[in-house]
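In: Structural data only, the sequence is not supplied:
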């Protein structure tokens, strides 16, 4: 790959995930503090991510992949997104905010596939070249958190987040989206591929891979993937509001520790996968969710602040050991015939169905315990014990019914 192309793709990835991390991490805090949203209203807003994930295959598979260059549709979606993000910046109530965030997420989620498509089409050896490009996305997410906490101080108590300072995250993201939208038109041309043009609707939506559910092991993994996304949704929806409420300094930047840990633990997956097998590796990931939420339940911003930091740092194990290992397992089980369809099906099940359920469960649980303890932040203890219990139950059931599959391996 030419060095110029590598720089272009790296900047594309940086901006793509800078945009997501620049507003999504603090969204729960903003909704509750600035727009006075309750738990169910917050759940409704967060669920737009799931609706975006469900609708994304239609946009990419039925429109983008068949009729337009990937870089052009990427640019157009981000330009529209910049306008929607600005309208979110201006919104004064949840009612005004919701339509804009719904349309935005429906348009943003497809861009996650588009940046991968643009990247892969420029690579002769994606297995070796893609990680060094994709890591700039993680860096972008981390930089967004650092800017919010340490440069602009939008989430600090000293700045008093009730003064609407968090609203500026949407303006920052709008400008970044405008920049990526314009920059996308300079990216290498990525026309529709003939194989993509000829794909059926069932292939595009991953429905061909439903045949894999006849395999008992894969069916168990598929169900577990949906269920484990329920505790995952608690983290995305509640972590920043919780850390802010208990008084942890610079919570958004500290949450970026989770993204940094992703990079570290990602390197350990090949070793653990081949050393312990898929079942044990994915069980470590599941149990890490339980440990994380117990740490959140019993930690505080004072002497026990280290428990909160460890809980954040466990994100690498929680995410990589389950989701990345799961993608590898899916790829191996599907084979060449259903490879793309199977990945699409798992994405639809997890980020679509699983997290949609999870956001609403998190909303109901948070609102329930907050109503019983409205005068202080003590209700968070009970809130975190719920996803801890869910993750523990899913882990035990998975351990009991999933059988080791020694045929599934990756190269260390």
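Out: Looks like it came in fine. None of the values given here were measured: they were computed from a predicted structure.

In: Pull up the gap between residue 145 and residue 18, please.
Out: 10 Å (C-beta to C-beta, to the nearest Å). For the C-beta atoms, the positions are set from N, CA and C on the backbone; glycine is no exception.

In: Return the helix or strand in the chain with minimum mean pLDDT.
Out: When the helices and strands of the chain are compared on mean pLDDT, DSSP states H and E, helix 194-197 comes out lowest with a mean of 51.

In: Now do the buried residues in the helix or strand containing residue 135.
Out: Using DSSP states H and E, residue 135 falls within helix 126-146. By 16 or more other C-beta atoms under 10 Å, the buried positions in helix 126-146 come out as 129-130, 133-145.

In: Surely residue 184 touches residue 68?
Out: No - counting by C-beta atoms under 8 Å, residue 68 is not a contact partner of residue 184; they are 11.9 Å apart.

In: More neighbours: those two, which one.
Out: Comparing residue 184 with residue 68 by other C-beta atoms under 10 Å, the one with more neighbours is residue 184, at 27 against 15.

In: In the stretch 201-350 of the chain, where is pLDDT below threshold?
Out: Filtered on pLDDT under 70, the stretch 201-350 of the chain yields the residue ranges 201-208, 336-341.

In: show me where it has helices.
Out: For the stretch 201-350 of the chain, the helices defined by DSSP state H, counting those that start in this stretch cover 201-204, 216-245, 251-266, 269-298, 305-313, 315-319, 325-347.

In: now for those helices, which one comes closest to residue 394?
Out: helix 216-245 (4.8 Å; C-beta to C-beta).

In: Buried residues, that closest one. List them.
Out: Within helix 216-245, the residues that count as buried by 16+ other C-beta under 10 Å are 217-218, 220-245.

In: Over to stretch 280-291?
Out: 281-291.

In: which of the residues in the helix or strand where residue 82 lies are buried?
Out: Per DSSP H and E, residue 82 falls inside helix 70-90. Neighbour-count burial for helix 70-90 flags 70-89 (criterion: 16+ other C-beta under 10 Å).

In: swap in stretch 379-395?
Out: Neighbour-count burial for stretch 379-395 [16+ other C-beta under 10 Å]: 379-380, 382-388, 390-392, 394-395.

In: Inside helices: which ones of the residues you listed?
Out: Among these, the subset assigned to helices under DSSP state H consists of 380, 382-388, 390-392, 394-395.

In: And the residues you listed, which is closest to residue 311?
Out: residue 384 (9.0 Å).

In: which residues sit in contact with that closest one?
Out: By C-beta atoms under 8 Å, 6 or more residues apart in numbering, residue 384 lies in contact with 234, 242, 293-294, 296-297.

In: and if we set it to 6 Å?
Out: With contact set as C-beta atoms under 6 Å, 6 or more residues apart in numbering, residue 384 has these partners: 293, 296-297.

In: swap in residue 310?
Out: Residue 310 neighbours (C-beta under 6 Å, 6+ apart): residue 295.

In: any idea how far it lies from residue 299?
Out: Distance of residue 310 to residue 299, computed by C-beta to C-beta: 8 Å.

In: same check, this time on residue 365
Out: On the measure of C-beta to C-beta, residue 365 and residue 299 end up 19 Å apart.

In: name the helices or strands packed onto the helix or strand containing residue 119?
Out: Assigned by DSSP H and E, residue 119 falls within helix 94-120. Helix 94-120 sits against helix 3-21, helix 39-57, helix 70-90, with contacts defined as 3 or more C-beta pairs under 6 Å, 6 or more residues apart in numbering; DSSP states H and E.

In: Figure out how far the second one is from the centre of its chain.
Out: The gap between where helix 39-57 is centred and where its chain is centred comes out at 12 Å by C-alpha atoms, centre = their mean, to the nearest Å.

In: i'd like the first residue to be 456 from this point on
Out: Sure, I'll start counting at 456 from here, so that last one is helix 494-512.

In: average pLDDT for that helix?
Out: The pLDDT scores in helix 494-512 average 93.

In: any residues touching that helix, and which ones?
Out: Counting by C-beta under 6 Å, 6+ apart, 483, 486, 549, 556-557, 560-561, 564-565, 659-660, 692, 806-807, 810-811, 814-815, 818, 821-822 sit against helix 494-512.

In: Could you tell me which of these count as buried?
Out: Neighbour-count burial (16+ other C-beta under 10 Å) applied to the contacts of helix 494-512 gives 483, 486, 549, 556-557, 560-561, 564-565, 659-660, 692, 806-807, 810-811, 814-815, 818, 821-822.
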